[in-house]
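Chemist: below is the structure, and that's it, no one-letter string:
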């Protein structure tokens, strides 16, 4: 809250910064600016008026600084590029254009630090600020070290942190040493030493090499969140209002885990008067106000309609103010007056009370339904501290959890929480963790066959079967699981095993991918999006070392598993399989044959009869006849449909027709029919306006033309099919708009 | 509150994890109950004085089941349909055609409730029949001759074809005690078999709920084996056991039937199908995913138009407008991020690129002992996975081997998981669940298989500053152990089925009463309330002793600390000691000090910084002017100290 910041970046823009060194294909300046831009854009992102930034150029062609104006010597080729002030997108754009390598050199880095120092002193006066100077340079222009100590003491006096990040500076801690310093002018190694000395004399200084700084940029920064107290009150056992013996411990509950979300995207529209869509907006000085340039936010407007047989189209708009609130009970709508609304809400009192205890062994983590809380005793309350501690230790010793009813505040919905003891044994702190448990309604009973045996039709149990693992496979799996163990993947300095992929090393790739891309685009709107940082995808596949180590076990498992991939074509193929039979094995097809129904498909029983006709079709002519009859039924359903009454049924018939004809590899029959149907639907020849059938029930349900992707023998490409739909939709939308208003 | 394919009611926590259109058939379920009305179904059990004696005739039990099913459906699956068809009745009715004997196309079939999302009226009719035994139309009178099963099946066929044409799941529940409706009549049997095949081709699954009475076995081979097909979508090797409902073993016929039907309440819908599970390079199997655990919430408020004859739901449509309230087309809008007071924009294809962090799938990166899973590492519900042979033959045996090994070695897998295209990746632990009927099973209410348990990212972990605990008080701990040991939950486990959600139950109880024009209930039987009386009886004595001991220990600790504090204060310069208590850093003040300050009216001497500090430490928003802050603090003290 109160932490105001003033940071001045001193950037070396000297001639030599334009060169590439040490095998990099970007200039020293670009390399260094990766670090600076990242820092500055993080400040911009925070949008805090009290976080201020200034910028000083070293080795600029011009000279523009207060010291030089006062006539002091040694301040040549140093320019103040931006005075200290809040950083916005527009100032970021201004500054960007100024960061260009010059053709000069000879500016003194220490003098530039003095310029920055004076700026900070003048700006922050005696107020409470976090003050910082960040100097980036390759150290090639000469430095005068005479006043080193004065500068250091002045920095210390003003409580300014000095950060010097040098391109290709040596850093033994990081493990960087430039072997060949000869590229630099003789003074380079000397300069490096001077700067290091300066930092060492500062009470608060950092000296580092750029390679490390840039590398660390990829490490995601986690946004710190203030702990939020969700509950402050009694944790009870028994009812203290009724029984004097009942237990009541004053506790506080915080979140331990809370899912972090990616930054929300706003829906915007391109302002037409500002011209076309561009990623970078050139700034129009008068138009710098919020909302951005070229884009404006989009609002949602809700309209309400009800069925009205008298209105054109069967529907009419109603005003929101004229609507009552209500709930649906099945398909019945139950209106509630405003005063009645709260009665469906259960009246609850804030409470946190234990129902009973269960052993560790009766619980599985996968029944958790959400985020974890942390429960501690109220601060400076001896009774609560001791009481909670005793509960935690007792639970731990008995290997038990407590189950509690939790109502966060009056009127809130009750939850059932499982309380897990976390005694201070190895760790420094003691608490209960809690996780939400499911209610009866949250569990759906799904049945699955057993995994360790196969039941036959007659009810006997088989233990050896192609669906069950053989002895060999079980052994191979066991070896594989043990070989791929991550708990001792590495060792630390003390020889203790180090776990692979602990939670504090796994960063949410979605959040950081977007944040990094936003910052990059803010700095350089024209640059394309790079690939995701490696660290974000680190755990997307097993570590090579682990795979290498487990190679024999993996190969043995592959051999024992004998997995066969089903060819793509066989998956989609229905029909033409062995005939379907009921459980008794009755030859149903023979029965069907006797009934002689197979000459004409009845509209009532269209789907089964169509399928049965195709299943027994001996020649193409029968298939064609079946498709034709089915098509007629679809058309008739649409023609006879009052409004959309039969659309769903027609669409279902279409779907079956489509599936079956794909299976029989005659997509042409469907495509031919569909083209005709489309014409009929859109032209109104099927008894009225049937466009909804086409757009919602055919295209909306993906019942369009069968493409080559779906059936190799189709002569329609995916693009062709898409093209047809897209053109139509825009026409439809346009027409809707016309009819609407 | 609905789940699965129901897009507009999707819980917000899933944000973008929308179902894609893998299966474009409407993901809805329609269930038609077909209940046999014959003489033996109507027989009342003999009346005895035993409490456990059977009270319901089979038909009453079947109707009660249907009634409960309907109520549950309204709560849990508000968009799914159900209907009730009685067969073998003397009367016949199909939609608007009402006829006596053979008056309709489906003689002795009585469509009691047409297939639809249940309305209050449907619930009322059924309730009258079930609870009051009111049968004004005499529908529960059996016909002299049995109904032709072919007719029953074709009637069901028509009900599904017209009312639930494109539903993803359609099921016919047949409840009967007659295992041989057609005796030796071969023609009748054959035509029933043909109509059953029609239903199969239509995509309707038949579920049989046989009732056995008087120890007579229900023999499916006599008739029903010709009617029932294996579910083509079921897992390989799966063969649903046919469970016959009967009274006995302390279980009434009703309970037995309810439990059998409840297991089929929700159609098994996959959250994803045929996902690739890569165990190692070049070793991939395919899996399906399910959500057996999912938080249910009361339905959202809707808006009602009362201007017509009947209250009518107003359909809402949203349109997007720009700053000048001009309607904007979908193609015009794009996404942008607010950054430094401006919008940072990405082209749609760039936005897609940003979202793409790999293709969907589950990829194993290794295994860990279960003990390395921190107890606090929980963020959201888990997904259940089960093998599928469709794309990789042999998936089931490999999956089974992995499941057995993880159980035996008490290990978990660690994997990278993307459920669907464009869904954000997560890290998961793969945890096995035991076979439900196994003695050692922790979760008899859940199936056996593997669970994908989402792990928090570093970003999701909050740092809460915790103080060092006081010395453990062994005596208190020992006493507390006795209390814990004496208050185990029944069967020493948490079984969610015993704890209905009170908010949800209350919401629908009131709603049902309003919808049916009944009196609003006064109170709810809330199973999540502790049994205070029992607690008092079982551990009241221990608790009393324990509290005394606690008071002693706490007193000693307090004194101890006071001595220490004084010692510290002595070291401090004298001037500091003279400062008023309120000048201590806000968060350092104990509640007693705050209360004292409130009583002595010295709170206002605190500085704004101190007020903010103390408010923040109490979890109260510390925004506002000094007067506001003071007011907030006073309120807090009054409420909490």
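Modeler: Thanks, I have the structure now. Here the structure is a predicted model, which is why all the values come from computation and not from measurement.

Chemist: distance of the closest residue to residue A:514 other than its chain neighbours from residue A:633?
Modeler: The spatially closest residue to residue A:514, leaving aside those adjacent along the chain, is residue A:262, at 5.1 Å (CB to CB, 6 or more residues apart in numbering or on different chains). From N, CA and C alone the C-beta is placed, and that goes for glycine too. Distance, residue A:262 to residue A:633, using CB to CB, to the nearest Å: 49 Å.

Chemist: of these two, who's got more company?
Modeler: The neighbour count for residue A:262 versus residue A:633, taken as other CB atoms under 10 Å in any protein chain shown, is higher for residue A:633 (23 against 20).

Chemist: quick one: name whatever helix or strand follows the helix or strand containing residue A:477.
Modeler: If you go by DSSP states H and E, residue A:477 is part of helix A:471-483. Scanning forward in sequence from helix A:471-483 by DSSP H and E, the next helix or strand is strand A:490-491.

Chemist: partner strands of the following helix or strand past that next one, parallel or antiparallel?
Modeler: Using DSSP H and E, the next helix or strand after strand A:490-491 towards the C-terminus is strand A:497-498. Here strand A:497-498 is paired, per DSSP bridges, with strand A:490-491 (antiparallel).

Chemist: so for the partner strand, mean pLDDT?
Modeler: Average pLDDT, strand A:490-491: 76.

Chemist: same question for stretch B:503-513.
Modeler: Per-residue pLDDT over stretch B:503-513 has a mean of 91.

Chemist: and that stretch, does that touch chain A?
Modeler: Yes - applying CB under 8 Å from any CB of the partner chain, one finds stretch B:503-513 in contact with chain A at B:503-504, B:506-508, B:510-512.

Chemist: low-confidence stretches in chain A?
Modeler: Residue ranges of chain A with pLDDT under 70: A:1-2, A:175, A:178-187, A:271-294, A:312-314, A:426-427, A:457-459, A:568-579, A:595-598, A:723-741.

Chemist: so what are the domain limits for it?
Modeler: Here the domain parsing of chain A from automatic domain parsing is A:5-217, A:226-281+A:293-443, A:588-740.

Chemist: ok and the residue in chain A nearest chain B?
Modeler: Among all residues of chain A, residue A:229 sits closest to chain B, at 2.4 Å; criterion: CB to the nearest CB.

Chemist: neighbours of that residue, just the number please.
Modeler: Residues lying near residue A:229 (other CB under 10 Å) number 16.

Chemist: next: residue B:524.
Modeler: Residue B:524: 16 surrounding residues under other CB under 10 Å.

Chemist: what's the burial count for the residue lying closest to it once chain neighbours are set aside?
Modeler: Nearest residue to residue B:524, sequence neighbours excluded (CB to CB, 6+ apart): residue B:506, at 4.9 Å. Residue B:506: 22 surrounding residues under other CB under 10 Å.

Chemist: equivalent analysis for residue A:527, please.
Modeler: Based on other CB under 10 Å, the number of other residues close to residue A:527 is 11.

Chemist: and the one 4 residues further on, by the same measure?
Modeler: Using other CB under 10 Å, residue A:531 has 9 other residues around it.

Chemist: which helix or which strand is home to it?
Modeler: Judged by DSSP H and E, residue A:531 forms part of no helix or strand.

Chemist: all helices of the stretch 301-450 of chain B, in order?
Modeler: Here the stretch 301-450 of chain B has its helices, by DSSP state H, counting those that start in this stretch, at B:348-355, B:395-409.

Chemist: contact partners for the residue most central in space within chain A?
Modeler: By CA atoms, centre = their mean, the mean C-alpha position of chain A lies nearest to residue A:510, the distance being 3.6 Å. Each residue near residue A:510 by CB atoms under 8 Å, 6 or more residues apart in numbering or on different chains is listed here: A:262, B:355, B:357, B:424-425.

Chemist: kindly report the same for residue B:180.
Modeler: Going by CB under 8 Å, 6+ apart, residue B:180 touches B:219, B:222-223.

Chemist: output the lowest mean pLDDT helix or strand found in chain B.
Modeler: Ranked by mean pLDDT, DSSP states H and E, the helix or strand of chain B with the weakest confidence is helix B:574-577, at a mean of 40.

Chemist: does chain A sit close to whichever helix or strand comes after that one?
Modeler: Following helix B:574-577 in sequence order, the next helix or strand is helix B:591-599 (DSSP H and E). Yes - interface with chain A: helix B:591-599 contributes residue B:591 (CB under 8 Å from any CB).

Chemist: okay, buried residues for helix B:591-599 please.
Modeler: Of the residues in helix B:591-599, those with enough neighbours to count as buried (16 or more other CB atoms under 10 Å in any protein chain shown) are B:591, B:593-594, B:596-598.

Chemist: and stretch B:402-419, by the same measure?
Modeler: Buried residues in stretch B:402-419, counting neighbours by 16+ other CB under 10 Å, are found at B:402-407, B:411-419.

Chemist: which among those gets closest to residue A:194?
Modeler: residue B:416 (48.9 Å; CB to CB).

Chemist: and that closest one, how close does it get to chain A?
Modeler: 5 Å (CB to the nearest CB, to the nearest Å).

Chemist: wait, a strand at residue A:701?
Modeler: No - according to DSSP: H, G, I helix; E, B strand; the rest coil, residue A:701 belongs to no strand; its state is coil.

Chemist: that one: neighbouring residues, count only.
Modeler: Neighbour count of residue A:701, defined by other CB under 10 Å: 19.

Chemist: one more: the one 4 residues further on?
Modeler: Residues contacting residue A:705 under the criterion other CB under 10 Å number 23.

Chemist: from what I can see it touches residue A:673, true?
Modeler: No - look at residue A:705 against residue A:673 with CB atoms under 8 Å: they stay out of range, at 10.4 Å.

Chemist: for the nearest residue to residue B:374 once chain neighbours are set aside, which residues are in contact?
Modeler: By the measure of CB to CB, 6+ apart, the closest residue to residue B:374 outside its immediate chain neighbours is residue A:503, 6.9 Å from it. Residue A:503 sits next to B:374, B:377, B:455-458, B:461 when contact means CB under 8 Å, 6+ apart.

Chemist: chain B - how does it break down into domains?
Modeler: As assigned by automatic domain parsing, chain B contains the domains B:28-262, B:272-295+B:356-460, B:484-571, B:580-640.

Chemist: among those, which is nearest residue A:468?
Modeler: Per CB to CB, nearest to residue A:468 of these: domain B:272-295+B:356-460, 5.7 Å.

Chemist: end-to-end on that closest one?
Modeler: End-to-end distance for domain B:272-295+B:356-460, by CA to CA, to the nearest Å: 25 Å.

Chemist: with stretch A:693-700 instead?
Modeler: Criterion CA to CA; first-to-last residue distance in stretch A:693-700 is 9 Å.

Chemist: does that stretch reach chain B?
Modeler: No - judged by CB under 8 Å from any CB, stretch A:693-700 stays clear of chain B, getting no closer than 8.5 Å.

Chemist: can you name the residues that contact the residue of chain A most remote from its centre?
Modeler: Within chain A, residue A:594 marks the point farthest from the mean C-alpha position, 59.9 Å out by CA atoms, centre = their mean. Contacts for residue A:594 (CB under 8 Å, 6+ apart) come out as residue B:190.

Chemist: regarding it, what is its secondary structure?
Modeler: Taken by three-state DSSP, the conformation at residue A:594 corresponds to helix.

Chemist: could I get the buried residue list for stretch B:183-196?
Modeler: Judged by neighbour count (16+ other CB under 10 Å), stretch B:183-196 contains these buried residues: B:188-196.

Chemist: out of those residues, which touch chain A?
Modeler: Among the buried residues of stretch B:183-196, chain A is touched by B:190, B:193-194, B:196 when using CB under 8 Å from any CB.

Chemist: pLDDT added to those, as CSV?
Modeler: Shown next, in CSV, are those (pLDDT from 0 to 100):
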residue, pLDDT
B:190, 90
B:193, 92
B:194, 91
B:196, 93
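
Chemist: next, residue A:196: secondary structure please.
Modeler: Here residue A:196 is recorded as helix under three-state DSSP.
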